[in-house]
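> how does the following fold in three dimensions:
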Amino acid sequence: MLIACLGSTHPAAAAPLVGVPSVVDGDTIEIHGERIRLNGIDAPESDQVCVDGAGKKYRCGQVAALALDDFLKANRPTSCIEVGRDRWRRMVAVCTANAVDIAEWLVRQGYALDWRKYSYGAYAQAQSEARAAKRGMWAGSFTAPWEVRHPKPRPAK
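All right, here's what the predicted structure looks like:
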């Protein structure tokens, strides 16, 4: 439903980009030389460190990217419908693999967060399920990726 709605309002979305993707990071892929940012989610930065359920630090951004790569290898090809461009001119798209919304899969597995600022809560239910089941990042503790990139200034002492 989301794809049909977005496709009808964005003329550029008329022809999906289809191919075998390579993974750039946990929320970015590349198909036929086109960088594609998955719409509405945010995965940990490649070098971001989280803490697992046992209190051990791990590179959660790397884990997210590897999980995405495994998922896409098992579910080819990938089809992306453009919904816009980001400030770096990357395509922002809703992508599916084997009829599964890739962004939703990442959120449901706990490898990415619903980025309400852009998703308008489209993946909130998937995130609630991941949190309740303690999947992925939800098994331990983490900082939201958007806060890692743009930390809030600390008050002066």
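> centre of the chain to stretch 75-94, how far?
11 Å (C-alpha atoms, centre = their mean, to the nearest Å).
> mind listing what's buried along it?
78-83, 90-94 (16 or more other C-beta atoms under 10 Å). (C-beta placed from N, C-alpha, C; glycine too.)
> would TSV of the residues you listed with secondary structure be doable?
Formatted as TSV, the buried residues of stretch 75-94 follow (DSSP: H, G, I helix; E, B strand; the rest coil):
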residue	secondary structure
78	strand
79	strand
80	strand
81	strand
82	strand
83	strand
90	coil
91	strand
92	strand
93	strand
94	strand
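> pick out the lowest-pLDDT one from the residues you listed.
pLDDT across these is lowest for residue 90, at 94.
> look up how far residue 87 lies from the residue nearest to the spatial centre of the chain.
Among the residues of the chain, the one closest to the centroid is residue 27, at 3.7 Å (C-alpha atoms, centre = their mean). Using C-beta to C-beta, to the nearest Å, residue 27 is found at 15 Å from residue 87.
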